[in-house]
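A.B. asks: I would like the atomic coordinates for the input below:
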Amino acid sequence: MSVQDSAGEETHENARQNVVAVDADDTKQGVVNRLEAHTGDGIRHRAFTALVFDHDGHVLLAQRSPEKRLWDTYWDGTVASHPVDGQSQEAATEARLAQELGVESSQYTDLRVTDKFEYKRYYPNEGVEWEVCSVLKCTLDDTALNPDEAEVAGLLWVPYERLYDNPNWYRQLRLCPWFEIAMRRDFD
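C.D. replies: Sure, this is the predicted structure:
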């Protein structure tokens, strides 16, 4: 999605946001423009992906909106984004769950960071993800959802272990690279 800057020129909405640049150990190096962090060779920055489960071991996959600049229409773990400067991964995840899916913190009690990894992947002709990505998990006691169509194109509850054990069955979903890495590491 594009917006107009003060001179009336169109710019991508990400150009109006910042992310936290980090070293390989996730130590803050400064704050950088989000669009710059995702173009060219990229700038390593802090991110998260959250995997939300039901009590039957299903993970909630969310299809990214066609309006997303990178990995549009790909299937992701439940939510993924970037904490703002000074924000914890848990607080950023809580905010994103509420914004994208209408999931309130009263619907879960076990939000926790379970892993962290660095990765770099290019999206053809559009940009790059170079992130130190924390993985967070929680289990919904109340699975009521109210997705924001501007963020989420589709939702799918999938048996998590079956998804991992049978990647060929789910190949047509085109999974986001950070979700695939998080899932692979979860079972290693």
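A.B. asks: Need the phi and psi values for L145.
C.D. replies: L145 adopts backbone torsions of phi -130, psi 150, taken as degrees, to the nearest 10.
A.B. asks: now it: how far from L60?
C.D. replies: According to CB to CB, to the nearest Å, L145 and L60 sit 8 Å apart. (Glycine included, C-beta is placed from N, CA and C.)
A.B. asks: Check D188 too.
C.D. replies: On the measure of CB to CB, D188 and L60 end up 22 Å apart.
A.B. asks: who has more neighbours, these two?
C.D. replies: L60 (23 against 5; other CB atoms under 10 Å).
A.B. asks: My guess is the more buried one contacts G154. True?
C.D. replies: No - assessed by CB atoms under 8 Å, L60 is found out of contact with G154, at 11.0 Å.
A.B. asks: shared neighbours, the two?
C.D. replies: When CB atoms under 8 Å, 6 or more residues apart in numbering defines a contact, no residue borders L60 and G154 alike.
A.B. asks: sorry, back to before: okay, and the common contacts of L145 and L60?
C.D. replies: Joint contacts of L145 and L60 (CB under 8 Å, 6+ apart) are L155.
A.B. asks: Tell me where the model's unsure across this protein.
C.D. replies: 1-15 (pLDDT under 70).
A.B. asks: 50 - rerun?
C.D. replies: 1-12 (pLDDT under 50).
A.B. asks: residue ranges of the helices in it, please?
C.D. replies: For the chain, the helices defined by DSSP state H occupy 34-37, 89-101, 160-165, 177-187.
A.B. asks: Next, the buried residues of the last one.
C.D. replies: Residues of helix 177-187 classed as buried under the neighbour-count rule (16 or more other CB atoms under 10 Å) are P177, W178, F179, E180, I181, A182, M183.
A.B. asks: Now do that helix: everything it contacts.
C.D. replies: Residues contacting helix 177-187 (CB under 8 Å, 6+ apart): 47, 49, 51, 61, 71, 75-77, 80, 114-115, 117, 119, 121, 129, 131, 133, 135, 160-161, 163-164.
A.B. asks: List only those of the residues you listed flagged as buried.
C.D. replies: Judged by 16+ other CB under 10 Å, buried ones among these: 47, 49, 51, 61, 71, 75-77, 80, 121, 129, 131, 133, 135, 160, 163-164.
A.B. asks: and the gap between the nearest residue to Y122 once chain neighbours are set aside and I43?
C.D. replies: Nearest residue to Y122, sequence neighbours excluded (CB to CB, 6 or more residues apart in numbering): V128, at 4.9 Å. The gap separating V128 from I43 is 9 Å, by CB to CB.
A.B. asks: So for the two, which residue has more residues nearby?
C.D. replies: I43 (20 against 17).
A.B. asks: just checking, that one touches V20?
C.D. replies: No - using CB under 8 Å as the test, I43 is too far from V20 to be in contact (10.2 Å).
A.B. asks: If anything else comes up later, I'll come back, but that's it for now.
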